[in-house]
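J.: Curious how this folds, go ahead:
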Amino acid sequence: MNEGKLVKVLKFIAVTGIMTAVVISVLKSGIIRRKFNEMKNKFRYKKNRDSMILIAKRINQDIRNIDRRTSRRWHDKNQAKYDELWGNDYSCN
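T.: Coordinates of the predicted model:
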């Protein structure tokens, strides 16, 4: 009966030793480190891409606002307000 228990204990030790050796070899090979670096770079790329998209949207919005403010309609509107305040004598047209 003691031999059966001894065999079970030895099998358990052998299996845990093999599993430990596999884990150590995987860690030393750098597979996990490479996968982690790939995930980190992918996240960094996505973060940079999102921030660049936000910057591009902001630039487009600024360009649209400048175009709108310099349009003829906008100028006529401002000229009407200026004429109303100061009269036509000082108008720039």
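J.: how close does Y45 sit to N60?
T.: Counting by Cβ to Cβ, to the nearest Å, the gap from Y45 to N60 is 22 Å. (C-beta placed from N, C-alpha, C; glycine too.)
J.: What of Q79?
T.: For Q79, the distance to N60 equals 28 Å [Cβ to Cβ].
J.: who's more crowded, those two?
T.: Q79 (14 against 10; other Cβ atoms under 10 Å).
J.: per-residue confidence at the more buried one?
T.: Q79 is assigned a predicted lDDT (pLDDT) of 77.
J.: which SSE is it in?
T.: With elements taken from DSSP states H and E, the one containing Q79 is helix 72-86.
J.: shaky segments in the chain?
T.: When the per-residue scores of the chain are filtered using pLDDT under 70, the ranges that remain are 1, 67-70, 87-93.
J.: Could I get the CA-only coordinates of stretch 47-62 as PDB?
T.: Output for stretch 47-62, consisting of C-alpha atoms alone and laid out as PDB, is shown next (Å, rounded to 0.1, in the frame of the first residue of the first chain):
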ATOM      1  CA  LYS A  47      -4.000  56.000 -29.200                       C
ATOM      2  CA  ASN A  48      -1.800  58.000 -31.600                       C
ATOM      3  CA  ARG A  49      -4.200  57.500 -34.500                       C
ATOM      4  CA  ASP A  50      -7.200  58.600 -32.400                       C
ATOM      5  CA  SER A  51      -5.400  61.800 -31.300                       C
ATOM      6  CA  MET A  52      -4.300  62.500 -34.800                       C
ATOM      7  CA  ILE A  53      -7.900  62.200 -36.000                       C
ATOM      8  CA  LEU A  54      -9.000  64.600 -33.300                       C
ATOM      9  CA  ILE A  55      -6.300  67.100 -34.400                       C
ATOM     10  CA  ALA A  56      -7.300  66.800 -38.000                       C
ATOM     11  CA  LYS A  57     -11.000  67.300 -37.100                       C
ATOM     12  CA  ARG A  58     -10.000  70.400 -35.100                       C
ATOM     13  CA  ILE A  59      -8.000  71.800 -38.100                       C
ATOM     14  CA  ASN A  60     -10.900  71.200 -40.500                       C
ATOM     15  CA  GLN A  61     -13.300  72.900 -38.100                       C
ATOM     16  CA  ASP A  62     -10.900  75.900 -37.900                       C
END
